[in-house]
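A.B. asks: pasted the sequence and its predicted model underneath.
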Amino acid sequence: MPGSKTKPRVKDMEIIEDKKLIQLLMEPTRAKIVFDYLVKDAMTVKQLSEVTGKNPGTILHHIQKLKEVGLLFEERTEITTTGIVQRYYRASAREYRMGISEMVQATGDDATKRLRSIITSLSVYGIDIPERQIGEAVDRLTALIDRENEISSRNLIVNEVELDRLSSSERGDVSRIIRRFALEEDSQYRELRDSWHAFLRAHRTGASNNV
Amino acid sequence: MKNASVRIILDDLKVSFKFALKNVISYILALFGVLIISGILLVFVAILIFVPLFFGVGIEGLIFFFESVVADPSTGFANILVGGLAIALPLAAPFFVAIGALFGMGREIVESEGTSAEGVFTWYKKKFFSLAGGGLVLFLVVLGPLILVILGGVAVFGIDFFNFALISSGTASTMNPIIGAVLMIWFAVSLGLLSMLFPAIIDGYSVFGATKKSIRLSITYFDRVFGVWMAYLLILGALILPFIVTAFTMSSFEPALILLGSMAVPAILFLIFIFMPALTIGLTRVYMILTADDEYEEHPQEDTSGPNFIGGL
C-alpha cells in the first residue's frame, strides 16, 4: 500500500559514541563518503565512485558496512534510461560528532595526538599553553565537548512535521539557535565553559600562566 | 515497475545481455581468476579431508571405500551416498562461492553500469562463508528431497528401487521419461524459488535471511521472478537442446556430428562468458527492482542550500 511506511528521518545531529562505529568511520574513504557527501544529499554508488575516484565495488562495500550499522539508509531507487537500477543512499544525520572520550578509547594515540595538536595550534591565535599544561588543557576541553555533545544530542524538536517543511538553511539556523540556547540553560556546561575560557585567558600572550 | 509483462521480461533480458556483453572482458578475466582460486582452494579442502582420513583409516581403508563404490553399489548404498555427499559438499563450496561472487559483479553493474575483474575477488573474500552457505542451501533444497526419496526408496525396496525409479529397464543411459520430466519441473521450480538467494546475500542478508527473502519475493512477485527465470531457462534450453537432439537422433550421420562439434565450442563460450554473467545481472536487477522501497511516503526534496545566518556550534 503506497504511503504506508515512513522514510527514516534525517536527524539534525547525531553523536557517535560507539567505539566500533568510530573505528569504522576512521577509514578515510568511509569518512569521506559520510562526512563530505551523504550528510548533504542522497547519492548513488556511481556518483560516489566518480567524486571519490574509487571503483564502484569498493564504494558498494563501504556503503554496505555503513548501512549495516545504521549510519546510512536507502532513500529511493530509480531505473535509468540505460536500465541500471540506482539506489540513492543518505546519511542518517546532517551532522555527526564523535564522543571525545570514546574516540580516544577507540583510536588510542591518534585522537590524543590530535587533541594535543589542537591545543598547541592555539598559539596562532596568541594563546600559548606550555607543554606541562597541555594535559590539563586536553582534559578541560574534553569535558566541555562531552557535555556539549550530551546536551546537543537531546531531541529538542517538538514538531517534526513542520521541521520537514523548512528549507535546509532555515533548518540549520533554527537548530543552531536552539542548541546554543539549550547549552546556555545548562549550569554544568556554563561552569565548564567559564573554566575553559578562564584557562585560555590566562595563557593569552602576555598574560600570567597562573589559573 | 515490479509486475511482469512480456515487454518487461524482454527488457530484463535485453538489459542483462547488453551489460554482460559490455563487461565481457571483466567477466572473462574474473572467471579465469576465480576458477584458479577455487581450484587452489579445492586442493586445500581435499588435503583437509583426505590427509586426516589417510591417517585415520589408512590407505587400505580409503582404497576399500572407493572400490566398494565402484564394484558393488548395493553394499551400504545409503552410507556411500551420505559419505560421498559429506566429501563432495566441502569440495564444491569454493565453486558455490565463485558463482556467488559473480552475482557481486552483477550488483556492481546493476548499480553503477560497470565492474572490474578484481571486484570478483573482493566479493569472494568478503562474502566467502555467506556465499558458501548459500550454495549449500541451494544444494540441499534442490537436491535434498531427491536424495531423501532415493534413500527412503532404497531403504524400503532395496537398491532395485534406484534402478527402476530413475533408470528405465532399457539401457542404463536412458532415464525414465516421466521421472525425467518431474525432475526437470522440480529443478526449475526450486531453483526459481531460490533465484533471489545470491542477490540477497550480496545485499547483506544472512544465509537464512536471504533464503527467506528469496522465497518471499518469488511468491509475492511470482510473475516477475519466474517470468525472467523461465526466460533464461528457455534460452539455455534453446542453446543446448539442438546438441542433445542431434547427438541422440543423428549419432551415425557423420556430417551432423562434425557440425555439432564445430558449434559446441562457441556455444560453451557463449554459455560461460555471456549467458552466465547475463543471468547474474538479470536476477540481481530484478531483485533490486523488487526490493526498492517505493512504499515510502514522499518527503519534500532537499532544496539547494543557501547561506547560513547563524554561525557557530
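C.D. replies: Cool, got the structure. Numbers count the residues shown, from 1 in each chain, chains lettered A, B, ... in the order given.
A.B. asks: apart from its neighbours in sequence, what residue is nearest residue B:229?
C.D. replies: In space, and not counting its chain neighbours, residue B:229 is closest to residue B:192: 4.4 Å by CB to CB, 6 or more residues apart in numbering or on different chains. Using the backbone N, CA and C atoms, a C-beta is placed for each residue, glycine as well.
A.B. asks: model confidence for that neighbour, exactly?
C.D. replies: With respect to pLDDT, residue B:192 scores 94.
A.B. asks: find the helix or strand that the residue nearest the centre of chain B is a member of.
C.D. replies: By CA atoms, centre = their mean, chain B has its centre lying nearest to residue B:99, at 6.5 Å. Taking DSSP states H and E as the criterion, residue B:99 maps to helix B:77-112.
A.B. asks: off-centre distance for the following helix or strand past that helix?
C.D. replies: Per DSSP H and E, the first helix or strand lying C-terminal to helix B:77-112 is helix B:119-126. Helix B:119-126 sits 17 Å away from the centroid of its parent chain (CA atoms, centre = their mean, to the nearest Å).
A.B. asks: same question for stretch B:34-43.
C.D. replies: Using CA atoms, centre = their mean, the offset of stretch B:34-43 from its chain centre is 17 Å.
A.B. asks: so residue A:119 makes contact with residue A:135?
C.D. replies: No: contact criterion CB atoms under 8 Å: residue A:119 and residue A:135 do not qualify, at 9.2 Å.
A.B. asks: looking at the two, which is more packed in?
C.D. replies: residue A:119 (20 against 13; other CB atoms under 10 Å in any protein chain shown).
A.B. asks: need the nearest residue in space to that one, chain neighbours excluded.
C.D. replies: residue A:137 (4.6 Å).
A.B. asks: show me what counts as buried in the helix or strand where that neighbour lies.
C.D. replies: Per DSSP H and E, residue A:137 falls inside helix A:134-152. Residues of helix A:134-152 classed as buried: A:137-138, A:140-149, A:151-152 (neighbour count, 16 or more other CB atoms under 10 Å in any protein chain shown).
A.B. asks: among those, which one lies nearest to residue B:137?
C.D. replies: Ranked by distance to residue B:137 (CB to CB), the buried residues of helix A:134-152 are led by residue A:149 at 44.6 Å.
A.B. asks: just checking, the closest one touches residue A:95?
C.D. replies: No: counting by CB under 8 Å, residue A:149 sits too far from residue A:95 to count as a contact (11.3 Å).
A.B. asks: relative to chain A, how far out is residue B:130?
C.D. replies: Distance of residue B:130 to chain A, computed by CB to the nearest CB, to the nearest Å: 12 Å.
A.B. asks: next up, the contacts around that residue.
C.D. replies: Going by CB atoms under 8 Å, 6 or more residues apart in numbering or on different chains, residue B:130 touches B:100, B:201, B:206-207, B:210.
A.B. asks: which element, helix or strand, includes it?
C.D. replies: Residue B:130 is part of helix B:128-157 when elements are defined by DSSP H and E.
A.B. asks: buried set for that helix?
C.D. replies: Buried, per 16+ other CB under 10 Å, within helix B:128-157: B:128, B:130-139, B:141-142, B:150-151, B:153-154.
A.B. asks: CA atoms of stretch B:276-288 as CSV?
C.D. replies: This file holds the C-alpha atoms of stretch B:276-288, laid out as CSV (Å, rounded to 0.1, in the frame of the first residue of the first chain):
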residue,chain,number,x,y,z
MET,B,276,26.0,-16.8,-17.1
PRO,B,277,27.0,-13.2,-16.5
ALA,B,278,23.7,-12.1,-18.1
LEU,B,279,21.8,-14.4,-15.7
THR,B,280,23.6,-12.9,-12.7
ILE,B,281,23.0,-9.4,-13.9
GLY,B,282,19.3,-10.1,-14.8
LEU,B,283,18.4,-11.7,-11.5
THR,B,284,20.3,-9.1,-9.5
ARG,B,285,18.5,-6.3,-11.4
VAL,B,286,15.1,-7.9,-10.7
TYR,B,287,16.0,-8.3,-7.0
MET,B,288,16.9,-4.6,-6.8
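A.B. asks: from the chain's centre, how far out does it sit?
C.D. replies: With CA atoms, centre = their mean as the basis, stretch B:276-288 stands 12 Å off its chain's centre.
A.B. asks: wait, does that stretch contact chain A?
C.D. replies: Yes: using CB under 8 Å from any CB of the partner chain, stretch B:276-288 comes into contact with chain A via B:285, B:288.
A.B. asks: hmm, who's touching that stretch?
C.D. replies: Identification of contacts with stretch B:276-288 by CB under 8 Å, 6+ apart yields A:77, A:83, A:85, A:87, B:12-13, B:15-17, B:19-20, B:23-24, B:27, B:102-103, B:105-107, B:109-111, B:195-196, B:198-200, B:202-203, B:217, B:224-225, B:228-229, B:232.
A.B. asks: so where do the helices sit in the chain?
C.D. replies: Using chain A here. In chain A, the helices defined using DSSP state H lie at A:19-25, A:28-31, A:45-52, A:56-68, A:100-107, A:109-121, A:134-152, A:160-165, A:168-185, A:187-202.
A.B. asks: actually, chain B is the one I wanted.
C.D. replies: For chain B, the helices defined by DSSP H cover B:6-22, B:24-71, B:77-112, B:119-126, B:128-157, B:160-166, B:177-193, B:197-202, B:207-220, B:222-249, B:254-270, B:276-290.
A.B. asks: how about stretch A:136-143 as CSV, C-alpha atoms only?
C.D. replies: Output in CSV follows, covering the C-alpha atoms of stretch A:136-143 (Å, rounded to 0.1, in the frame of the first residue of the first chain):
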residue,chain,number,x,y,z
GLU,A,136,45.3,19.8,31.7
ALA,A,137,44.0,21.7,28.7
VAL,A,138,43.1,18.5,26.9
ASP,A,139,41.1,17.3,30.0
ARG,A,140,39.2,20.7,30.2
LEU,A,141,38.4,20.7,26.5
THR,A,142,37.3,17.1,26.5
ALA,A,143,35.0,17.7,29.5
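A.B. asks: show me the domain layout of chain A.
C.D. replies: Using automatic domain parsing, the domain parsing of chain A gives A:14-91, A:101-202.
A.B. asks: worst average pLDDT in these?
C.D. replies: Across these, domain A:101-202 gives the lowest mean pLDDT, at a mean of 87.
A.B. asks: any weak-confidence spans in the stretch 101-250 of chain B?
C.D. replies: Of all residues in the stretch 101-250 of chain B, those with pLDDT under 70 make up the ranges B:158-176, B:250.
A.B. asks: where does it come near chain A, residue by residue?
C.D. replies: Residues of the stretch 101-250 of chain B lying near chain A (CB under 8 Å from any CB): B:104-105, B:107-116, B:118-119, B:122-123, B:126, B:203-204.
A.B. asks: would you mind measuring from residue B:103 to residue B:139?
C.D. replies: For residue B:103, the distance to residue B:139 equals 16 Å [CB to CB, to the nearest Å].
A.B. asks: could you do residue B:263 as well?
C.D. replies: Per CB to CB, residue B:263 is found 31 Å from residue B:139.
A.B. asks: tell me the most buried of the domains of chain A?
C.D. replies: domain A:14-91 (a mean of 18; mean count of other CB atoms under 10 Å in any protein chain shown).
A.B. asks: end-to-end on it?
C.D. replies: End-to-end distance for domain A:14-91, by CA to CA, to the nearest Å: 10 Å.
A.B. asks: is it anywhere near chain B?
C.D. replies: Yes: counting by CB under 8 Å from any CB, chain B is contacted by domain A:14-91 at A:40-42, A:44-46, A:49, A:55-61, A:64, A:67-68, A:74, A:76-77, A:79, A:82-87.
A.B. asks: okay then, goodbye and thanks.
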